[in-house]
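Colleague: compute the structure for the input listed below.
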Amino acid sequence: QGVLVPGLGTFAVVHEQVNSTEQVYVVRRPVFQLDMDMSCLRELVFPTVMIPGDIKIMPLDYWWLSQTKSLPPDVVRGCVEETILLYSFQLRDRQRLAFAFENIGVLSCQDNILCMQFHRSCIAGLESQDTWLALLLM
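Modeller: Below you'll find the predicted structure:
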């Protein structure tokens, strides 16, 4: 399943097949598909990530987030929307700040390349059998 963060992009988990001389491995790994206003991304390059069509994409669950942070859902929604808006303005103004997602990873811009780097703990949490292989793929 994937999660759509409106104005930013979609996080999902994909299955990737890796062939070795002895065996075929299938590992789960996180991906991020950017979906921002293109006027914010002038002069920036970002990897094209395609999330397979069979993955169910759900909207960000503001109610669940509100329960984890002890805030009302409308406050959480406002904070998320304002944060994404601020980040897009910073990108437009050529400020290359990193955008950290707790327990997931960091969206950063280096040398005009905007990319998502997932934390090792996030990858390891998704793939318990072939953790090292999943980490190598990132």
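
Colleague: measure the most centrally placed residue in the chain to residue 45 for me?
Modeller: Note on the chain: the residue nearest the mean C-alpha position is residue 32, at 3.7 Å, using CA atoms, centre = their mean. Using CB to CB, to the nearest Å, we find residue 32 at a distance of 15 Å from residue 45. For glycine as for every other residue, the C-beta is placed from the backbone atoms N, C-alpha and C.

Colleague: show me where this structure has strands.
Modeller: Here the chain has its strands, by DSSP state E, at 2-5, 9-19, 24-34, 57-59, 99-101, 105-110, 113-118.

Colleague: so what secondary structure elements neighbour the fourth one?
Modeller: Contact partners of strand 57-59 among helices and strands, from 3 or more CB pairs under 8 Å, 6 or more residues apart in numbering; DSSP states H and E: strand 2-5.

Colleague: using PDB, write out every CA atom in the strand it packs on.
Modeller: Only the C-alpha atoms of strand 2-5 are listed here, as PDB (Å, rounded to 0.1, in the frame of the first residue of the first chain):
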ATOM      1  CA  GLY A   2       1.100   3.600  -0.600                       C
ATOM      2  CA  VAL A   3       0.400   6.900   1.100                       C
ATOM      3  CA  LEU A   4      -0.300  10.100  -0.900                       C
ATOM      4  CA  VAL A   5       0.900  13.300   0.800                       C
END
